[in-house]
Every structure is written in structure tokens, then in C-alpha cells.
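K.L.:
My questions concern the predicted model and sequence given below.
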There are 2 protein chains.
Amino acid sequence: MPRNQQILLDNRPQGQASASNFKLVASDTPALQDGQVLVRHHYLSLDPYMRGRMNDSKSYAAPQPLGEVMQGGTAGEVIESRDPRFAVGDKVVGFGGWQEYSVVNAAQPGTLKKVDTTQVPLSHYLGAVGMPGVTAWYGLVKIIAPKAGDTVVVSAATGAVGSAFAALAKARGCRVVGIAGGPDKCRYATEELHFDACIDYRVHADTPAMTQALKAACPDGIDGYFENVGGYILDAVMLRMNAFGRIALCGMIAGYDGAPLPMAHPALLLLNRIKMEGFIVSEHMEVWPEALAELGQLVASGQLSPRQSIAQGIAAAPEAFLGLLKGKNFGKQLVQLV
Amino acid sequence: MPRNQQILLDNRPQGQASASNFKLVASDTPALQDGQVLVRHHYLSLDPYMRGRMNDSKSYAAPQPLGEVMQGGTAGEVIESRDPRFAVGDKVVGFGGWQEYSVVNAAQPGTLKKVDTTQVPLSHYLGAVGMPGVTAWYGLVKIIAPKAGDTVVVSAATGAVGSAFAALAKARGCRVVGIAGGPDKCRYATEELHFDACIDYRVHADTPAMTQALKAACPDGIDGYFENVGGYILDAVMLRMNAFGRIALCGMIAGYDGAPLPMAHPALLLLNRIKMEGFIVSEHMEVWPEALAELGQLVASGQLSPRQSIAQGIAAAPEAFLGLLKGKNFGKQLVQLV
């Protein structure tokens, strides 16, 4: 019965999230019952959507309950099984949360999935070949639906979603422009993630400056935009959108702390006949097999080799998460436990 | 050679449009050349989109040129023809502009269309069975795409677009809620246009009040919204939209005078996975035959008998148009010339 360290949501943020919102506790893992599997987590996934769930407000998902283990995706190995579908040693992904071990009822559909790590490293099943990758796929393929030659733009370009977006869009013959924070990320975007250009939002820190930078990077205007951020970046992109452009709204991280985040010129949506659509990838499970097949192939072939930011040990999870919200991560943010 | 009175755009508005932007002139109609038709206008159509074209700014259509006849839809009668496709006495709709007569090159496709006035009065071809009706049809059928039982909302409810929207949505089994200015319009909406409820925006003049009124009028939330206005009404509607709601953006009349008109909470688009789409009906000519067939049938059968505001004489056009922008019209705004 291994000792299991867990991170709970202790209290809700007032404004910005902080380390004091979380609490580290430890307990013994319970004995398994029939149909249960014990998974040792190798990696925890940290994702921006978790910030939204920390608030106690109306949302598409129930808020993260107080006093319970922070929810989130996990990748690990089965170390004990009382279900015939899983064997000790199986590599699995699930939704085990911020803890070192989880007990899973194997019969419940969708809770645990075996993965093949011969060509794709286990950790990538939490990123490029997991929820973030499918998120990029859905927004690009189902909402932006680009044709070859279109110019598409993504904010948070070097994150897990943005890097998958670039590979998927390049495979479709698009010009791909990223927006990221700092010269290192921008260089990485163009040199390793195959972006055609990348704009540093720290240098272009207001709407007019960002609009000018977009004009230079997107000489033919913008046909599709994948939004992870919101705020003035969205305002600037809207000023450069072509007629009949499509905007996939995936995240508005700039508004998660509760500050009002208006859109300056919604009339541009009319003027340019733009379609803007919010989506949540977990509501489109029908696309996951097709999307994961393409993403797995891109990673296996080396066309998509996204960077990861890896924090060590369960106790490091809160600080790593807070850093992610501030853009301190470089690529997919994970916590490694084994 | 009849004398032709015309209204030109003399100068562009600074802020609000005013009568001094226009100029009334008169000249003789020219002699016809082969292939030309002389139309005497019985009705001019006044529409909110014209305000946008008075500005000299980037838009989907070229700005209305200065010193030229104000552009707009017209309905009238052929009084002289040098083209075999049209005979004297034919009732026709076209885009003749703010003048008493127009000379039309009959060969140019789409410039002039014969209409049947046995069941539908001529003037309605500028309203319910014309561009405004098709506008309502496109937004409802192609963007909102409601199913029976859905709740749909339209602003500027008693105007030409709103009244057609109500008839089309009722025919599809929707709950239809309007937003209009003043008790007379609201009573007319529910008593004669078949709206299930109508909210007076003069009584509910800010976001919280409008939100409360929408909550009462739409107990099951809002599935589809047809936007003619923008501003705080859109903000309030967004607070009551259901998940997977659709917003058809047709007009933002509140912003035509150039005042900034932000959207307060664009993150709601993401939270509720809303699709918002701007459109211009003239870019979707492929739907006109189907839409006009349904609209003509609704008018002929009496299910749609929209009210008209009719100003008399060409000189009255500017004031009637300025009144339309302030919501002083009651139903489709026309100018009658004959």
C-alpha cells in the first residue's frame, strides 16, 4: 500500500491564483476491489483550463470541488490490477489528478486508456497526442477549415496547443504565424516548430503595435485565428482578418483572473462577415480517433517534436501551474513524478 | 422627358447623420438608348445599412460616392422601354436610388426584376418579400438553424427584418421574443406579428435591466439571436444564451455613428460554446429564390402582414431616413413617390 501524496484545492483564488490556494497532503492508497486498477502516475498534465475550474462560477464544467484532489490528466503505469482489461506494466493515460497514484474503476468507459509507447514517448500522450493536440486539430480542421495558401494565426504559439496547431496547419499548406512571449520562444517557433513567423507580444504590447506586427507578418491578411489568450491580441487580430475569416475560440487566459476583458470592435465581425465559435474539445469525442491518428503520425515521424517544461515531484505542481498561467513554461507543462 | 428629382449625398456625417448631409437636385431624364428602360419609382426603400455606406471607411461595400444619387432599392413601373424583355406597365423592383425615375440597362443581370402584384402589393417587394425578408430568412435558417421548441430573439423586432423573422420562426415552431422601443411597438409585436413576448428597451435601458427582462421572457434561455442593434442589448443577450447558441450578426446600428461599441464579455462565447457569424444577404444570392418563395407565400396567405411607415414625396426621404436610424419608424420605412 504505497503512500500517496496529493494536492488539494484548499480555497478559491480572489483574483490571481496563488500557491496558498493549494494544499499538499498524504495518505495510503486503499486496497483494490474487484474491477479496480492502481496506476502510478509518471506525469501530471498542467493546463490553462484548470484555472477556470478553480473559480466557483457558472461554467461548462462543474467547478473543481474544494478539499478534493485537483483534477487533471495523467500518464502512468499499472502497478496492480484486479481487472482483466489491464495488466501490471501497461502504460496508460487517464484523468487521475494531481497525485502520485490513482485507483481507477476499469469498467467505467473513458477513464483509462492503454497507449503504445514504442514510437511516441509516454509524456506526449498528455500533449501533442492528447487533449491539447486534439484541441488544436478541432479548432483548425472543424472551425477554421483552411485551404492551402490561407494564413492562420495562433496565440500561445509555443504551448502544447500552439505547437500542434503549427504542424497541422503546415501539413495543410497554410502560412502559419504564431504569437508568443519573448525572443527565445519566437526563435523556437520559427526554427523548430515550423512557424513562418512569430510575433513577440512583449515587444508589441498594445493593439496598435500588435496590429502593425500582424500586418508585416501576414501580408495577405488573416483567414483563420486560433484564440488562446483574448484581450488586446484578439482586438488586433480582428483588425487584420480577411472577409469570411474564421476564429476558433479555445481559451481566453487573459480573463481567467476575473478582470473584465471586453472586445473592442465586435462590429468588425459583421463588417468582415467573420465566424467566431467557442468550443471545448471534450464535447467532440467523435473526432478524437481521427485527430489522434494524425497527431501520433506527426510525432512518430518527427514532424512534430514539441518541447516540454517538466517540473519535478508532486510538490512542484502548484508553482509550475502558476508559472504556466504567466507564460513561464516553454512548451507543454508537465510534472514528472517517476 | 420627365423632370427627375434626386437626392445626392452632399457630404459625409461627422458623428450623427443629419439632413445637411443630403442635397435635393432636379434634372431631365435622358433619352433612352437601345436596351434601356425608364422606370418610374413608386417606392424608395430606406434601410439602416445605408448609414454605414455614408461613412468613408473600409466596409464590405464601397462607400456611397459623394455628389451622386443615394443608392437604394426601388419599386416602380416601366413607363418607356427600348428592350424586348420589359413592356410599359410592367411592375419592377430594382436598385434605382433616391430619385423619381431611373434609366436601367435591361441586359445587365440583376438590375431589374419583374414582380407579380396580384397577391403581394408592390411595396412589400422592398420589405417582407425583398432584401429585408431574405435577410431574416438567411440569419434564421442558415445561421441560427433552429429546431422546434428553440427560443429565438430578435432586436429591432417590429422593423422589416424583425417582422419577417417572427413569421419565419413561428412557422418553425420556435418561441420568438422581440426587443423594440416603446409600448406601441411591443404591443404590435405580440398582437399582430405573433411574437410570444416583446421587451421594451426604453424601459430596460441597461445591461442588468435587459438581462432581467430576457430572463422573464425566455425562461428556457436563448438558443438563437438575430442582432440588428449591438451594444448593451447584445451584452445582455449573451448573458442569457444557452450552450451551443447561435448569433446571426446582421446589423449594429448602435455603432454606425462611430462611437466605440465594445462587447463586454466575449469570454461568454467560449464559456457557452456559442457561434457568432456576421453576414450580408447580397453575398448569398443562392438562397434568394427559396427564401422569396416562402416569404411571398407568408404574405399572400396573410400570416405575415407587416406594417409600413410611408413618407410622402422625394423631399421627405432624408428626414424619414434619419428617423429610421433613431427608431422613429414603425415597420418597414418607405418613401412613396406616386
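P.N.:
Great, that's in hand. Numbers count the residues shown, from 1 in each chain, chains lettered A, B, ... in the order given.

K.L.:
Not counting stretch A:25-38 itself, show me its contacts.
P.N.:
For stretch A:25-38, contacts defined as C-beta atoms under 8 Å, 6 or more residues apart in numbering or on different chains pick out A:1-8, A:78-83, A:86, A:101-107, A:112. Yep, even glycine has a C-beta here, placed from its N, CA and C like the rest.

K.L.:
now swap in stretch A:181-194 and tell me
P.N.:
Contact with stretch A:181-194 is made by A:157-158, A:162-163, A:166-167, A:170, A:176, A:178, A:180, A:195-202, A:303, A:305-307, A:327, A:330, as judged by C-beta under 8 Å, 6+ apart.

K.L.:
I'd like the distance from stretch A:323-338 to the chain centre, please.
P.N.:
How far stretch A:323-338 lies from its chain's middle: 11 Å, per C-alpha atoms, centre = their mean, to the nearest Å.

K.L.:
Ends of it, what's the gap?
P.N.:
For stretch A:323-338, the first-to-last residue distance is 22 Å (C-alpha to C-alpha, to the nearest Å).

K.L.:
swap in stretch A:84-100?
P.N.:
OK, stretch A:84-100 end separation, C-alpha to C-alpha: 23 Å.

K.L.:
any idea of the mean pLDDT in it?
P.N.:
The pLDDT scores in stretch A:84-100 average 97.

K.L.:
buried set for it?
P.N.:
With burial defined by 16 or more other C-beta atoms under 10 Å in any protein chain shown, the residues of stretch A:84-100 counted as buried are A:86, A:90-94, A:96-100.

K.L.:
Among those, which lie within strands?
P.N.:
Among those, the residues falling in strands (DSSP state E) are A:91-94.

K.L.:
List the beta-bridge partners for the closest residue to chain B within the stretch 101-250 of chain A.
P.N.:
Here the residue of the stretch 101-250 of chain A nearest chain B is A:L249; by C-beta to the nearest C-beta that distance is 4.6 Å. Using DSSP bridges, the beta-bridge partners of A:L249 come out as A:E227, A:G278.

K.L.:
looking at it, it is touching A:K275, isn't it?
P.N.:
No - look at A:L249 against A:K275 with C-beta atoms under 8 Å: they stay out of range, at 10.7 Å.

K.L.:
The closest residue to A:P306 other than its chain neighbours in helix, strand or coil?
P.N.:
Spatial nearest neighbour of A:P306, excluding adjacent residues (C-beta to C-beta, 6 or more residues apart in numbering or on different chains): A:S163 at 4.0 Å. Of the three states, A:S163 takes helix under DSSP: H, G, I helix; E, B strand; the rest coil.

K.L.:
How much space separates A:S163 from A:G327?
P.N.:
Distance of A:S163 to A:G327, computed by C-beta to C-beta, to the nearest Å: 14 Å.

K.L.:
Please say which of the two ends up with more neighbours.
P.N.:
Remark: of A:S163 and A:G327, A:S163 carries more neighbours, 31 against 18, as counted by other C-beta atoms under 10 Å in any protein chain shown.

K.L.:
quick one: the more buried one and A:A128 touch, right?
P.N.:
Yes - the criterion here is C-beta under 8 Å, and A:S163 meets it with A:A128 at 6.9 Å.

K.L.:
most centrally placed residue in chain A?
P.N.:
Centroid-nearest residue in chain A, with C-alpha atoms, centre = their mean: A:P132, separated by 4.1 Å.

K.L.:
Tell me the secondary structure at the closest residue to A:S81 other than its chain neighbours.
P.N.:
With sequence-adjacent residues excluded and distances taken as C-beta to C-beta, 6+ apart, A:S81 is closest to A:V37, at 4.8 Å. Following three-state DSSP, A:V37 is assigned to strand.

K.L.:
per-residue confidence for A:V37?
P.N.:
With respect to pLDDT, A:V37 scores 97.

K.L.:
What's the ChimeraX line that selects buried ones from the contacts of stretch A:25-38?
P.N.:
In ChimeraX, this line selects whichever of the contacts of stretch A:25-38 come out buried by 16+ other C-beta under 10 Å:
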select /A:4,5,6,7,8,78,80,81,83,86,101,102,103,104,106,112
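
K.L.:
Now intersect the contacts of stretch A:25-38 with the strands, please.
P.N.:
Using DSSP E, A:3-8, A:78-81, A:101-105, A:112 are the members of the contacts of stretch A:25-38 that sit in strands.

K.L.:
what's the distance between the spatially closest residue to A:R202 that is not a sequence neighbour and A:Y49?
P.N.:
Using C-beta to C-beta, 6+ apart and skipping the chain neighbours, the partner closest in space to A:R202 is A:G181 (5.3 Å). Between A:G181 and A:Y49 the distance is 19 Å, computed by C-beta to C-beta.

K.L.:
domain ranges for chain A?
P.N.:
A:3-127+A:307-336, A:131-282 (automatic domain parsing).

K.L.:
Could you say which of these is packed most deeply?
P.N.:
The highest average neighbour count among those, using mean count of other C-beta atoms under 10 Å in any protein chain shown, belongs to domain A:131-282 at a mean of 22.

K.L.:
Tell me how many other residues surround A:G296.
P.N.:
Close neighbours of A:G296, defined as other C-beta under 10 Å, add up to 20.

K.L.:
Look at it and report its pLDDT.
P.N.:
Here, the pLDDT recorded for A:G296 equals 96.

K.L.:
Repeat that for A:M252.
P.N.:
78.

K.L.:
For the residue nearest to it when sequence neighbours are not counted, pull up the helix or strand it's in.
P.N.:
Take A:M252 and drop its neighbours on the chain: the residue closest to it by C-beta to C-beta, 6+ apart is A:G230, 3.2 Å away. Element membership for A:G230, per DSSP states H and E: none, as it lies in no helix or strand.

K.L.:
Which pLDDT value goes with A:G230?
P.N.:
As predicted, A:G230 sits at a pLDDT of 87.

K.L.:
A:G255 now?
P.N.:
Confidence score, pLDDT, at A:G255: 64.

K.L.:
cool, A:G327 as well?
P.N.:
The model reports A:G327 with a pLDDT of 83.

K.L.:
Those residues of the stretch 151-300 of chain A touching chain B, which are they?
P.N.:
With C-beta under 8 Å from any C-beta of the partner chain as the criterion, the stretch 151-300 of chain A meets chain B at residues A:230, A:234, A:243, A:249-252, A:255, A:260-267, A:269-280, A:283.

K.L.:
Any stretches of the stretch 201-338 of chain A with poor pLDDT?
P.N.:
The stretch 201-338 of chain A contains residues with pLDDT under 70 at A:254-258.

K.L.:
Would you map the helices across it?
P.N.:
With DSSP state H, counting those that start in this stretch as the criterion, the stretch 201-338 of chain A has helices at A:207-217, A:232-239, A:267-271, A:288-300, A:317-325.

K.L.:
Residues contacting the longest one, please?
P.N.:
Helix A:288-300 is touched from outside by A:119-120, A:124, A:128-130, A:133-134, A:137-138, A:141, A:164, A:167-168, A:171, A:304-305, with contacts defined as C-beta under 8 Å, 6+ apart.
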